[in-house]
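A.B. asks: A structural model of the following input is requested.
(one chain, ligands or ions: 1)
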Amino acid sequence: MCGIVGYTGGREVCPILVDGLRRLEYRGYDSAGVAILSDERIEVCKATGKLSVLESVLIDNSPNGVLGIGHTRWATHGRPSDENAHPHSDCTGSIVVVHNGIIENYLPLKTQLIANGHKFVSETDTEVIAHLVEEAYQGDLAEAVRSTVLRLEGSFALAVICREQPDLIVAARRHSPLVVGLGENENFIASDVPAFLPYTKKVYFIDDDTLAIVKKSGVELRSLDGDPISKDVFEVTWNADMAERGGYEHFMLKEIHEQPTALRETMRGRLSSETADVTLEGLGLSHEDILKLNKIVMIACGTAYHAAMVGKYMIEGLVRIPVELDVASELRYRDPIIDNNTLALVISQSGETADTLAGMREAKRRGAKVLAITNVVGSSVAREADGVLYTYAGPEIAVASTKAYTTQLMVLSLVSLYLSRVRGTISTERDAQLRRALWYIPEQADLFLSEYQDIIGCADRYHNFAGFLYMGRGPNLASALEGALKIKEIAYIHAEGYAAGEMKHGPIAMIDPSMATVAIATKGRTYEKVLSNMQEVKARLGEIIAIASTHDTEIHSLADKVIHVPETEEMLSPILNALPLQLLAYYVAKFRGHEIDQPRNLAKSVTVE
Ligand code: M6R
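C.D. replies: Residues are numbered from 1 along each chain as shown. All right, here's what the predicted structure looks like:
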């Protein structure tokens, strides 16, 4: 995690760095810092806590200069503190580094450097980089960084500046994201494109083991052997406004409300209402590949994993191919059975989650073809997969994932429909039903989001409860898990998601007046069963919030609060059911007075294993 930025050009650099860090703060907010080349010195300014703390320090003390680097930290090695905040310097303060990643061999390197006389001031792994560059520096920063990088094990995106080379930032990448922004007589480096979107949309997505030598006048890319690399310039389509709050109190609320549009955009050009065609450009699978598939292995983490759970339900139901589901951090430690006829379906909003990337590489190594579903063009997952289907959700800034999830479900629905057509496992009638239902989803999401006062009332009533149990069945077991994850991560209330049928095997013992049960009880095959499970909770005097279909009146006798959502096909219902669960978590967190977009201990993009 962590975010890095860098700028060289003709403008005053400090506001550009702070603005860039603001856009990257989702990557970590334990501390922040900048280093600015100012009158032949490097001024370093850093502070523990959120970026706003650094900003207040900079108000009276902002160094002037036109070249600098900055960092926002999610702590891995060393607690959040001023000493551990980046940037880190060598012994003389002439070489300064920012880094995102983990240097796995930092301890032996540090021991060696201390024996050589270097003085360390932090507990971080990063500081070794500054001292290694110091040892290697003989008047050529690019060369010193290159030889340093060759000694590092682990993951890094780093940027280094040097007092003696005042028009130069040297950046390098291995397994952590790094992008270069190309301006007119000014250039940028960053962990993610939004950091420099107000200034340029022209981007180099840097590959592993590449050095970027960034000057005001231009950017040169080299391999770690020192050979020049040529790369296409990519023009991004997001604009800076898309990464702003746009009048909403929090990014999360804005992103919840963006879902109808995001769903429409994700469907656009893929599902035709007139011709009934499903077109999946970028799929990377021929009909022959699809017919040969013997298994699909889905790889994802967190919310994306919940999307994969729904995907399994859809694919097995429609395509009749067995689907294995793995939390990415488990896949490669269980010796999975994967061969050339296996499809690895990788889901990641950011496309940079370290566990997901590692799982994907493992599946690839074992011969699987890889299809990625991601939101970020040019991300590592997108670049390494054989095929990519983008969720056109726009930038998702809030740590709690919302629109990425529902658009992932949209893509999974389209993939299921497409594969089932190619394999001939769907009837014309079922195909038409699903298409009609899918087509209608964005409108239904719009309808739901136009009026949800009852959810705010519900959040008010339950925000002081000690715990929440979420229960669902079929595809809505994933909804239960996702609802519980949302409330845990932003409201800090203990919550569990359960298969409703499992309640009586243990969790029901927890029912008491301080425990709220959220029952996902929209119409579908197991509706009656969920009602029975609700009866069981009610009989133990549990409080129940039901998520129910619009015209369901029967449910009122069983639930203390009912939130109605528009009715759709059961398979697609997790898309619409996500909306009240997201809003409930949002308002509960708000009533509890939490920092919603940047919950404690978390970061948006988890680029460490
Ligand atoms: O970028 P990814 O989709 O790979 O991220 C995976 C998880 O880290 C992410 O979904 C996380 O669980 C969210 N914060 C949940 O809201």
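
A.B. asks: Skipping adjacent residues, who's closest to whichever residue of the stretch 151-300 of the chain sits closest to the ligand in space?
C.D. replies: Nearest residue of the stretch 151-300 of the chain to the ligand, counting by Cβ to the nearest ligand atom: residue 300, 6.6 Å away. (C-beta placed from N, C-alpha, C; glycine too.) Sequence neighbours aside, residue 347 is the residue nearest to residue 300 in space, at 4.1 Å (criterion: Cβ to Cβ, 6 or more residues apart in numbering).

A.B. asks: Quick check, the one you found in contact with residue 309.
C.D. replies: No - here residue 347 lies out of contact with residue 309, judged by Cβ atoms under 8 Å, at a distance of 10.4 Å.

A.B. asks: Of the two, which one has the most company?
C.D. replies: Neighbours around residue 347 and residue 309, counted as other Cβ atoms under 10 Å, are more numerous at residue 347. The numbers are 33 against 21.

A.B. asks: Quick check, pLDDT for the more buried one.
C.D. replies: As predicted, residue 347 sits at a pLDDT of 98.

A.B. asks: Kindly report the same for residue 608.
C.D. replies: For residue 608, the model assigns a pLDDT of 69.

A.B. asks: and the residue nearest to residue 300, how far is that from the ligand?
C.D. replies: Distance from residue 347 to the ligand, counting by Cβ to the nearest ligand atom, to the nearest Å: 7 Å.

A.B. asks: Tell me the secondary structure at that residue.
C.D. replies: With DSSP: H, G, I helix; E, B strand; the rest coil as the basis, residue 347 sits in strand.

A.B. asks: Other residues contacting stretch 336-344?
C.D. replies: The contact list for stretch 336-344, computed with Cβ atoms under 8 Å, 6 or more residues apart in numbering, reads 285, 292-299, 324, 326, 359-360, 362-364, 366-371.

A.B. asks: can you tell me which of the residues you listed are in helices?
C.D. replies: Of the contacts of stretch 336-344, the ones assigned to helices by DSSP state H are 292, 359, 360, 362, 363, 364.

A.B. asks: Nearest spatial neighbour of the first one, chain-adjacent residues omitted?
C.D. replies: The reference is to residue 292. residue 341 (5.0 Å).

A.B. asks: do the same with the fifth one
C.D. replies: Among residues not flanking residue 363 along the chain, residue 344 sits closest, at 3.6 Å (Cβ to Cβ, 6+ apart).

A.B. asks: about what we covered before: list only buried entries from the contacts of stretch 336-344.
C.D. replies: Taking 16 or more other Cβ atoms under 10 Å as the criterion, what is buried in the contacts of stretch 336-344 is 285, 293, 295-299, 324, 326, 359-360, 362-364, 366, 368-371.

A.B. asks: Could you tell me which ranges of the chain sit under the pLDDT cut-off?
C.D. replies: 1, 240-243, 246, 608 (pLDDT under 70).

A.B. asks: Where does it get nearest to the ligand, which residue?
C.D. replies: For the chain, Cβ to the nearest ligand atom, closest residue to the ligand: residue 302, 1.9 Å.

A.B. asks: need the contact list for the residue of the stretch 151-300 of the chain closest to the ligand.
C.D. replies: Contacts of residue 300 by Cβ under 8 Å, 6+ apart are 307, 308, 327, 328, 346, 347, 348, 356.

A.B. asks: again with residue 367
C.D. replies: Taking Cβ under 8 Å, 6+ apart as the test, what residue 367 contacts is 338, 339, 340, 342.

A.B. asks: what's the distance between it and residue 328?
C.D. replies: Distance, residue 367 to residue 328, using Cβ to Cβ, to the nearest Å: 18 Å.
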